[in-house]
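J.: got a predicted structure here, sequence first:
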Amino acid sequence: MAVQRLPVLRLDGVSREHFMQHLYPQRKPLVLEGIDLGACTSKWTVDYLSQVGGNKEVKIHVAAVTQMDFISKNFVYRTLPFDKLVQRAAEEKHKEFFISEDEKYYLRSLGEDPRKDVADIRKQFPLLEGDIKFPQFFKEEQFFSSVFRISSPGLQLWTHYDVMDNFLIQVTGKKRVVLFSPRDAQYLYLSGTKSEVLNIDNPDFTKYPLFSKARRYECFLEAGDVLFIPALWFHNVISEEFGVGVNVFWKHLPSECYDKTDTYGNKDPTAAARAAQILDRALKTLAELPEEYRDFYARRMVLHIQDKAYSKNFE
C-alpha cells in the first residue's frame, strides 16, 4: 500500500492582489518564493540570535527521540535562557543536557501569560522585530499571532491542524512539510486535533490501514520560502537541519466565530465545539437502545449528516 503523493505548487513573485483574488480562494497549500522578508534570512545566524535574542527564559520541548508525539507526550518541558537554547539546538551532541547528549529541542514561543496572551515575536523579542517583514497579504486587524519556532536538526513535529490560516516563514535552515487535506481527516486516526500516525514515511498499515487512502502533499522549504497553510489542513513538519521559522496566523473568519480563550489558534470554532457537544449528547441517548436499534439509528444519523452538512464542492 502506498499513500498518494502530490506536489505543493510553488510560485515566485506573487503579488497580494493575485494571491487574494486567484490563489487564496482555492484553499490549497502554496509555497511563495521571492517575498520580501527583510534582513532576517541573512542576519539570523546562531551567533546573532544568541546575542540579540538575549537570555530571557523560554519554555521548550526536549525529546530523546526525533518523532515528537503530543498524544503520548514523549517529551518533557524544560526552560533555558534563549541564547543557550539557540546554541544547544544548533548542536548535534551536547555537553550539557537534560535527558541525553543527542536530545532534540523545540521552541514554540508563547505570550507573556500563555493563558491570556498570544505569541507575537514583535512583543516577546522586540530587538528582532526590525529584521523581519511579514507578508502583507491580510489586513492588520485580522492578525492573530506570530510564533517564533526553533528546531534541532532531524526533529519531526506531530501531524495536526490549526483553525486559522497561516504563513510558515522559513527564515533559516531547511524543512520538509507534509500536508493532508481536511477531506482526508477520516484516514488520519485523529485524537483531537492530532493524528496518531507518527511515522508518516513508513506507516504501520496493519495498525493504520486507512492511512493509505490519504492524499499526501509535500514540499521542501529553504530560507526565504513562505508556505501558506490554509485552516484545517493537517501538516507534519520535519527540520532537515537547524532552522528558525515564524508562523503568522490570522483570523479569516469573523472574530466572533473563534473561542475567545484560545491563545494558540487551535481551539475549534465555537459553533463546531457546540455541535460536537450536541453530538455527544445524541450518542449517549442512542446508547439507551438495544444494539440492533443503536446501530440502525447511528447509521441513519451518519447519512443525515452526509446529506445535510457535507460540502459537495470543497476539494
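T.: Cool, the structure landed.

J.: surely Asp225 meets Glu33?
T.: Yes. Asp225 is within contact range of Glu33, at 6.1 Å (criterion: Cβ atoms under 8 Å). (Glycine included, C-beta is placed from N, CA and C.)

J.: compare these two (neighbour count), which wins?
T.: Asp225 (24 against 13; other Cβ atoms under 10 Å).

J.: separation between the more buried one and Arg176?
T.: Summarising the geometry, the distance separating Asp225 from Arg176, computed by Cβ to Cβ, to the nearest Å, is 12 Å.

J.: for Glu291, same thing?
T.: Note on Glu291: its distance to Arg176, by Cβ to Cβ, is 46 Å.

J.: compare those two (neighbour count), which wins?
T.: More neighbours surround Arg176 than the other of Glu291 and Arg176, with 15 against 8 (other Cβ under 10 Å).

J.: how about stretch 287-307: buried residues?
T.: The neighbour-count check on stretch 287-307 (16 or more other Cβ atoms under 10 Å) flags nothing as buried.

J.: measure stretch 11-23 end to end?
T.: Chord length of stretch 11-23, first to last residue, is 10 Å (Cα to Cα, to the nearest Å).

J.: meant to ask about stretch 245-261, not that
T.: Start and end residues of stretch 245-261 are separated by 25 Å (Cα to Cα).

J.: domain ranges for this structure?
T.: Partitioning the chain according to automatic domain parsing yields domains covering residues 4-257, 270-308.

J.: which of those sits closest to Tyr264?
T.: When these are compared by Cβ to Cβ, domain 4-257 sits nearest Tyr264, at 7.9 Å.

J.: centre of the chain to that closest one, how far?
T.: Using Cα atoms, centre = their mean, to the nearest Å, we find the averaged C-alpha position of domain 4-257 to lie 6 Å away from the chain's own average C-alpha position.

J.: neighbours around Glu129, how many?
T.: Should you count by other Cβ under 10 Å, Glu129 turns out to have 15 residues around it.

J.: and the closest residue to it other than its chain neighbours, which of the three is it?
T.: Using Cβ to Cβ, 6 or more residues apart in numbering and skipping residues adjacent in sequence, the residue nearest Glu129 is Arg122, 4.4 Å away. Using DSSP: H, G, I helix; E, B strand; the rest coil, the three-state assignment for Arg122 comes out as helix.

J.: element containing Ala272, please.
T.: When secondary structure is defined using DSSP states H and E, the element that contains Ala272 is helix 270-286.

J.: give the next helix or strand downstream of that helix.
T.: Note on helix 270-286: by DSSP H and E, the next helix or strand toward the C-terminus is helix 291-308.

J.: list the contacts of that next one.
T.: Defining contact as Cβ atoms under 8 Å, 6 or more residues apart in numbering, one finds that helix 291-308 is touched by Ala282, Leu283, Leu286, Ala287, Leu289.

J.: if we use 7 Å, what do you get?
T.: Under the criterion Cβ atoms under 7 Å, 6 or more residues apart in numbering, residues Leu286, Ala287, Leu289 lie in contact with helix 291-308.

J.: from Ala282, how far out is the closest residue to the second one other than its chain neighbours?
T.: Translated: Ala287. Here the nearest residue to Ala287 in space, its sequence neighbours aside, is Arg294; by Cβ to Cβ, 6+ apart that works out to 6.7 Å. Here Arg294 is placed at a distance of 11 Å from Ala282 (Cβ to Cβ).

J.: mind listing the shared neighbours of those two?
T.: Common neighbours of Arg294 and Ala282 (Cβ under 7 Å, 6+ apart) do not exist.

J.: number of nearby residues for Leu279?
T.: Leu279: 12 surrounding residues under other Cβ under 10 Å.

J.: what's it in contact with, if anything?
T.: Taking Cβ under 7 Å, 6+ apart, we find Leu279 in contact with no residue.

J.: now do Ala90
T.: Applying Cβ under 7 Å, 6+ apart, the residues contacting Ala90 are Val46, Phe242.

J.: please save the CA atoms from the helix holding Ala272 in CSV.
T.: What follows is helix 270-286 as a C-alpha-only set of coordinates in CSV (Å, rounded to 0.1, in the frame of the first residue of the first chain):
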residue,chain,number,x,y,z
THR,A,270,-17.4,27.9,19.0
ALA,A,271,-20.1,26.7,16.6
ALA,A,272,-18.1,23.5,15.9
ALA,A,273,-17.5,22.9,19.6
ARG,A,274,-21.2,23.3,20.4
ALA,A,275,-22.1,20.9,17.6
ALA,A,276,-19.7,18.3,19.0
GLN,A,277,-21.2,18.6,22.4
ILE,A,278,-24.7,18.1,21.0
LEU,A,279,-23.5,15.1,19.1
ASP,A,280,-22.0,13.6,22.3
ARG,A,281,-25.4,14.0,24.0
ALA,A,282,-27.1,12.4,21.0
LEU,A,283,-24.8,9.4,21.1
LYS,A,284,-25.4,9.0,24.8
THR,A,285,-29.1,9.0,24.1
LEU,A,286,-28.7,6.3,21.4
